[in-house]
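In: Structure for the following, please:
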Amino acid sequence: MLRESGLLLDRKQGKWVHYRLSPHIPSWAALVIEQAWLSQQDDVQAIARKLASANCSGSGKAVCI
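Out: The predicted model follows:
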């Protein structure tokens, strides 16, 4: 849904798919994403720390969320 709408871009690299926001997203969408990040920032950072310490990728590489 996000890819079809043009909000999200993806790139395959082996078995991994890397996602990023489109640089052409409408300003309203950027504001919604920013507000979601601000309201969940502490939780997201805590999850990222847990993933980094557990090295959940299984490959020894950093996990990016």
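In: Now name the helix or strand holding Ala30.
Out: Secondary structure from DSSP states H and E places Ala30 in helix 27-54.
In: what about that helix, average pLDDT?
Out: For helix 27-54, the mean pLDDT works out to 90.
In: Against which helices or strands is it packed?
Out: Packing partners of helix 27-54 (3 or more C-beta pairs under 8 Å, 6 or more residues apart in numbering; DSSP states H and E): none among the helices and strands. (Each C-beta comes from the backbone N, C-alpha and C, glycine too.)
In: can you offset everything so residue one is 6?
Out: Got it, the first residue is 6 from now on, which makes the last one we talked about helix 32-59.
In: Work out the gap between that helix and the centre of the chain.
Out: Its chain's average C-alpha position is 9 Å from that of helix 32-59, according to C-alpha atoms, centre = their mean, to the nearest Å.
In: Next, the buried residues of that helix.
Out: Neighbour counts over helix 32-59 (16 or more other C-beta atoms under 10 Å) mark no residue as buried.
In: same deal with stretch 10-20?
Out: Leu12.
In: how long is it from one end to the other?
Out: When the termini of stretch 10-20 are compared using C-alpha to C-alpha, to the nearest Å, they are 24 Å apart.
In: Touching it from outside, list them.
Out: Residues outside stretch 10-20 that contact it (C-beta atoms under 8 Å, 6 or more residues apart in numbering): Leu7, Arg8, Val22, His23, Tyr24, Arg25, Leu26, Ser27, His29, Ile30, Ala34.
In: chain center to it: distance?
Out: On C-alpha atoms, centre = their mean, the centre of stretch 10-20 falls 11 Å from the chain's centre.
In: what do you get for stretch 8-25?
Out: With C-alpha atoms, centre = their mean, you get 10 Å for stretch 8-25.
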